[in-house]
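Undergrad: Need coordinates for the below:
(2 chains)
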Amino acid sequence: MYSNEVGYNSKIEGEVIVTRADAVVNWIRKHSVWPMPMGLACCAIELMASAASRYDISRFGMEVMRFSPRQSDCMIVAGTVTYKMAEVVRRIYDQMGDPKWVVAMGACASTGGMYRSYAVMQGVDNVVPVDVYVSGCPPRPEALLDAMMKLQDKIGNEPAVKNLSKEPVTSVAS
Amino acid sequence: MIDEDFVSLLLKGREYLSVLHQEDCLTLQSDPAHIIDLCTHLRDEQTFDLLADLTAIDQGEDASTRFILVVHLYSLIHKSYLRIHVNCLDNLNPEVPSLSGVFPAANWHERETFDMFGISFTEHPNLKRILMWDEYPYYPLRKEFPLAGIEVPLPAADVSEVTGANVDPAPMMGGPFVSSSNGRLSEAEPRGKDESWTEDTEKLL
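TA: Sure, this is the predicted structure:
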């Protein structure tokens, strides 16, 4: 079905599995996304709902929410990013180990949302590279789950091995 | 009871005090020099021992008294609010004695008022900004400050250097869209407002 899916048919291949290194690495990565809940406003409540039993984000292999950036690889920015907080978001992003991804959850994190104001950063993509934007104010848990599955698809198509030799992203002192 | 006797007793011997109006609650006007004495008296003798709110009003740059401090006190005995207006004497460097010695709750309220209006509270134990960052050069709730903001550097220079991010005026895109209180609903609602202009295209005439 997918060219990079790891498949094993013992009748054809015997005891040998042949695949691509990218496919293996991405397969491992995308099924063990550890999100870092950067809960800044009401979106964080929906984020909690996504993790609770009714919506249950663990069905998709990303339930291990870690409140330490050192243990996470996907930052979910859930809420309004003020200019005062933007610095903190960037520093926490830099403290996460590579490879790492960012989901901008909701209108505020994506564009500033309804806060056209002197105090609110107009989109968290001004300070961190965002992989998936989620619309909604706040988005329903289904929307977040869909975004996380889109992120899994994105991770699945990354040139993971080539990226290993890439220069790391410039980081600020953290 | 907050009645005429209460008011006349309170005003007696306090020439600096006057009654502004008494519609929703008794509103007094005081001067900055006596505000501590007045609040101490109201707290200890008149049971107004709960500071409900402390904020300010900016009357605009042309007003003779530009900044008015507004203090709301509540009495659990009278079950009534009391409002005190304090005119700041200097329009350029407004200054009022801090009430944080009388009501500890005033501490953060005064920091917020300082942050938003730039009113200095003398004798305040820790007068620094509470919402905006310390180096922020403006007072956002003053009348001349635009809602969209003014361009300044991001608080963290190293983050700004790596990301190129800046504190920029927010795009208003024809806004802000707020409902007006009169007229037909189709015109009063935000969606009925003129949305023909943005920061990039001029307003259609």
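
Undergrad: Can you get me a residue count around A:Val103?
TA: Using other CB atoms under 10 Å in any protein chain shown, A:Val103 is surrounded by 27 other residues. No exception for glycine: its C-beta is placed from N, CA and C like everyone else's.

Undergrad: Provide the strand pairings for the helix or strand in which it is found, with the direction of each partner.
TA: Per DSSP states H and E: A:Val103 is located in strand A:101-105. Here strand A:101-105 is paired, per DSSP bridges, with strand A:74-78 (parallel), strand A:132-134 (parallel).

Undergrad: can you give me the offset of the last one from its chain's centre?
TA: Translated: strand A:132-134. Strand A:132-134 has its average C-alpha position 9 Å from the chain's average C-alpha position, going by CA atoms, centre = their mean, to the nearest Å.

Undergrad: For the closest residue to A:Asn26 other than its chain neighbours, give its distance to chain B.
TA: Counting by CB to CB, 6 or more residues apart in numbering or on different chains, A:Asn26 lies nearest to A:Gly156, which is 4.9 Å off, once chain neighbours are set aside. A:Gly156 sits 28 Å away from chain B, going by CB to the nearest CB, to the nearest Å.

Undergrad: right, is the helix or strand containing B:Ser160 up against chain A?
TA: Following DSSP H and E, one finds B:Ser160 within helix B:157-163. Yes: legend: contact between helix B:157-163 and chain A by CB under 8 Å from any CB of the partner chain is shown at B:Asp158, B:Val159, B:Glu161, B:Val162, B:Thr163.

Undergrad: what's the average pLDDT for the helix or strand just after that helix?
TA: For helix B:157-163, the following helix or strand on the C-terminal side (DSSP H and E) is helix B:185-188. Average pLDDT, helix B:185-188: 79.

Undergrad: Convert the C-alpha atoms of helix B:185-188 to CSV, please.
TA: Extracted in CSV, the C-alpha atoms of helix B:185-188 (Å, rounded to 0.1, in the frame of the first residue of the first chain):
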residue,chain,number,x,y,z
LEU,B,185,-28.9,44.6,14.1
SER,B,186,-27.6,44.0,10.6
GLU,B,187,-25.6,47.3,10.9
ALA,B,188,-24.7,47.1,14.6
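
Undergrad: circling back: which residues sit against the strand holding A:Val103?
TA: Residues from elsewhere that reach strand A:101-105, judged by CB atoms under 8 Å, 6 or more residues apart in numbering or on different chains: A:33, A:35, A:43, A:46-47, A:73-79, A:93, A:110, A:123-125, A:128-134, A:138-139, A:144, A:147-148, A:151, A:154-155.

Undergrad: Now, those that are in strands?
TA: Cross-referencing these against strands under DSSP state E gives A:Pro35, A:Cys74, A:Met75, A:Ile76, A:Val77, A:Ala78, A:Val132, A:Tyr133, A:Val134.

Undergrad: residues contacting the last one?
TA: To tie it back to what came earlier, the one meant is A:Val134. Counting by CB under 8 Å, 6+ apart, A:Val134 touches A:Val103, A:Ala104, A:Met105, A:Gly106, A:Ser110, A:Ala143, A:Leu144, A:Asp146, A:Ala147.

Undergrad: Show me what from chain B comes close to chain A.
TA: B:131-133, B:140, B:145-150, B:154-156, B:158-159, B:161-163, B:165, B:167-173, B:175-176.

Undergrad: Give me the below-cutoff pLDDT ranges for chain A.
TA: Scanning chain A for pLDDT under 70 picks out the ranges A:1-9, A:12-13, A:173-174.
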